[in-house]
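Q: Based on what follows, work out the 3D shape:
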Amino acid sequence: MTLPEVAEPTRATNTPPDLTQLTSLRFVAALAVLVLHYRDFLGPLPGWVMRGIVGGQYGVTFFFILSGFILTYRYHGWFDAGVGDAAFWRFQRLRAARLYPVYLFGLLLDTPWHLIERAQVGELAAVGTTYWASWLLNAVGLQAWVPAVPFAMFWNTPAWSVSAEFFFYASFPFMVHGLGRRLRSTAGLVLGFVLAVCGGIALYAAVIYTMTYVVAVGAEAQYIVLVYNPVLRFSEFVAGSLAGWYFVRTRHELGGLRHRAASLGSARNVVVAAALVAIAARVWMPDYTGPDRWVWLLDVSVKYGSFVLPFTALILAVASGRTVLSGLLCRPWMVTLGESSYALYIVHWSGVTILRMGYFGEKPSLAVVALCLFGTVGVSMLCHRWIEVPWRAKLRGSSASS
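A: A predicted model of the protein is given here:
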């Protein structure tokens with residue numbers, strides 16, 4: 001059965017206004033991941049502070065939700081009538097142009113350090129073929145599918161999430177068309193959101209139970225599957241897309257209520273405050289360690305799913321208008337940092353690798369760590385300016401949207 005041919009949207013009909021406050025929020029999430037990966041160099045810290053830093057891992061959940069939201073906001077019109085070949089491949093080209101140049105740069109930047117590290121311990125010659133195969137797998141963005149080192153958790157480790165995004169992009173045209181066609185009411189979107197979150201948690205529970213009590217998978221492979229596998233993280237992306245559909249269908253209605261701007265702003269502030277409190281409460285909530293294995297299974301199964309609702313609420317509130325956060329998020333320097341956040345997420349691992357290799361001592365000083373950390377932010381801005389932007393323009397050709 002052939003897919004229907006759908007006319008490609010033009011620039012005039014396919015470029016909605018940028019949601020710059022969400023761009024700024026991207027930097028906050030990327031910075032949280034950056035600090036997470038520097039945690040071992042920050043010296044002895046109180047347990048509650050370290051708990052908050054470790055919570056930076058959920059910045060990736062935020063990225064997946066935001067990705068589904070933004071793509072639906074920008075591209076839903078491309079696939080309203082169906083998924084045609086021209087629109088599908090144009091969309092894939094735009095997404096590759098957006099992500100791949102910096103992704104490849106990050107891999108090339110990190111490669112020499114790992115080769116040197118392996119050579120220093122005499123492992124490079126013995127496992128050179130495996131490393132070469134794993135490097136190629138990373139180069140084409142498939143590492144998240146292989147639950148083994150050095151295919152995953154090696155080279156530019158944080159780039160696993162881009163591997164997951166490639167899967168999301170391939171699925172997006174069909175998903176957004178199906179959701180838009182079948183869920184036409186607010187109630188339908190809310191029900192779909194609940195099913196996406198609960199379905200994701202249920203899938204996690206089934207996989208965790210199977211790997212723990214049925215197959216007895218090793219800890220390393222289990223970790224890679226539960227954290228990296230794109231299918232297990234897909235519900236976060238779907239939830240973001242459903243929120244995007246809700247936003248698309250209600251923003252015109254909200255835009256017509258200018259006379260109620262003050263009351264709407266107050267409501268948004270309440271949502272923002274409630275979302276931030278819920279996020280913080282979950283980050284600092286102690287893990288359940290036993291003895292009841294069913295309570296433990298529930299606790300680990302909602303690890304990511306419990307963040308979907310507060311992150312989605314935060315995104316919707318910030319996207320809908322001014323909030324208490326707007327004074328910060330609307331500042332030009334914050335938007336600039338947000339625009340560079342993808343580069344920051346991709347290139348920061350090399351700084352972590354260099355510090356771990358001991359070039360600045362077994363325990364580098366806080367001054368060195370701070371210089372490396374903030375220097376990475378500066379490097380990310382240069383990467384955005386000199387790699388991401390020009391190569392995106394070259395690779396997307398005559399396509400108008402990014």
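
Q: mind listing what's buried in stretch 184-194?
A: 189, 192-193 (16 or more other Cβ atoms under 10 Å). To be clear about C-beta, it is placed using only N, CA and C from the backbone, and glycine gets the same treatment.

Q: Just send the residues you listed back as a markdown table, with pLDDT, distance to residue 334 and secondary structure too.
A: Output for the buried residues of stretch 184-194, formatted as a markdown table (pLDDT from 0 to 100; distance: Cβ to Cβ, whole Å; DSSP: H, G, I helix; E, B strand; the rest coil):
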| residue | pLDDT | distance to residue 334 | secondary structure |
| --- | --- | --- | --- |
| 189 | 96 | 30 | helix |
| 192 | 97 | 33 | helix |
| 193 | 97 | 29 | helix |
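
Q: could these go into JSON lines alongside distance to residue 68?
A: Listed next are the buried residues of stretch 184-194 as JSON lines, based on distance: Cβ to Cβ, whole Å:
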{"residue": "189", "distance to residue 68": "13"}
{"residue": "192", "distance to residue 68": "12"}
{"residue": "193", "distance to residue 68": "11"}
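
Q: Identify, from those, the entry nearest to residue 34.
A: residue 193 (29.8 Å; Cβ to Cβ).

Q: Show me where the chain has its strands.
A: Using DSSP state E, no strands are assigned anywhere in the chain.

Q: Can you tell me the closest non-neighbouring residue to the most centrally placed residue in it?
A: Nearest to the mean C-alpha position of the chain, counting by Cα atoms, centre = their mean, stands residue 63 at 2.8 Å. Take residue 63 and drop its neighbours on the chain: the residue closest to it by Cβ to Cβ, 6 or more residues apart in numbering is residue 29, 6.0 Å away.

Q: Contacts only, for that neighbour.
A: Applying Cβ atoms under 8 Å, 6 or more residues apart in numbering to residue 29 gives the contacts 59-60, 62-63, 66, 341.

Q: Quick one: the residues you listed as JSON lines, columns for pLDDT too.
A: Output for the contacts of residue 29, formatted as JSON lines (pLDDT from 0 to 100):
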{"residue": "59", "pLDDT": "97"}
{"residue": "60", "pLDDT": "97"}
{"residue": "62", "pLDDT": "98"}
{"residue": "63", "pLDDT": "98"}
{"residue": "66", "pLDDT": "98"}
{"residue": "341", "pLDDT": "97"}
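
Q: I'd like those written out as a markdown table, with distance to residue 50 added.
A: Formatted as a markdown table, these follow (distance: Cβ to Cβ, whole Å):
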| residue | distance to residue 50 |
| --- | --- |
| 59 | 16 |
| 60 | 19 |
| 62 | 20 |
| 63 | 22 |
| 66 | 26 |
| 341 | 24 |
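
Q: what's around residue 379, how many residues?
A: Residue neighbour count, defined by other Cβ atoms under 10 Å, stands at 18 for residue 379.

Q: That one touches residue 346, doesn't it?
A: No: look at residue 379 against residue 346 with Cβ atoms under 8 Å: they stay out of range, at 10.5 Å.

Q: Distance-wise, check the closest residue to residue 135 other than its chain neighbours relative to residue 387.
A: Of all residues not flanking residue 135 in the chain, residue 155 sits nearest, at 6.3 Å (Cβ to Cβ, 6+ apart). According to Cβ to Cβ, to the nearest Å, residue 155 stands 18 Å off from residue 387.

Q: Between these two, point out the one with more neighbours.
A: residue 155 (25 against 17).

Q: Tell me the pLDDT of the more buried one.
A: Note for residue 155: predicted pLDDT of 91.

Q: what sits against residue 288?
A: Counting by Cβ under 8 Å, 6+ apart, residue 288 has contacts 295-296, 299.

Q: let's see it at 10 Å
A: 295-300 (Cβ atoms under 10 Å, 6 or more residues apart in numbering).

Q: Tell me the predicted confidence for the closest residue to residue 293 other than its chain neighbours.
A: Spatial nearest neighbour of residue 293, chain neighbours left out: residue 213 (7.8 Å); criterion: Cβ to Cβ, 6+ apart. You'll see residue 213 listed with a pLDDT of 92.

Q: From what I see, residue 213 and residue 207 are in contact.
A: No: Residue 213 lies out of contact with residue 207 (Cβ atoms under 10 Å); the separation is 11.4 Å.

Q: Any buried residues in the longest helix that the chain contains, and which?
A: For the chain, the helix with the greatest residue count under DSSP state H is helix 85-120. Neighbour-count burial for helix 85-120 flags 87-88, 90-91, 94-107, 109-111, 113-114, 118 (criterion: 16+ other Cβ under 10 Å).

Q: Run a quick neighbour tally on residue 132.
A: 10.

Q: got it, and residue 69?
A: By other Cβ under 10 Å, 28 other residues sit near residue 69.

Q: How about residue 340?
A: With neighbours defined by other Cβ under 10 Å, the count for residue 340 comes to 26.

Q: how near is residue 248 to residue 352?
A: For residue 248, the distance to residue 352 equals 38 Å [Cβ to Cβ].

Q: With neighbour numbers in mind, choose between the two.
A: In terms of neighbours (other Cβ under 10 Å), residue 352 is the more surrounded of residue 248 and residue 352; the figures are 22 against 17.

Q: need the contact list for the more buried one.
A: So residue 352 contacts 34, 37-41, 110, 113, 157-158, 372-373, 376 (Cβ under 10 Å, 6+ apart).

Q: And it, how close does it get to residue 99?
A: Counting by Cβ to Cβ, the gap from residue 352 to residue 99 is 21 Å.

Q: How about residue 304?
A: Counting by Cβ to Cβ - residue 304 and residue 99 are separated by 22 Å.

Q: ditto for residue 43
A: Counting by Cβ to Cβ, the separation of residue 43 from residue 99 is 35 Å.

Q: now swap in residue 363 and tell me
A: Distance from residue 363 to residue 99, by Cβ to Cβ: 35 Å.

Q: Give the full set of residues in contact with residue 155.
A: Residue 155 touches 106-108, 110-111, 113-114, 131, 134-135, 137-139, 143, 349, 353, counting by Cβ under 10 Å, 6+ apart.
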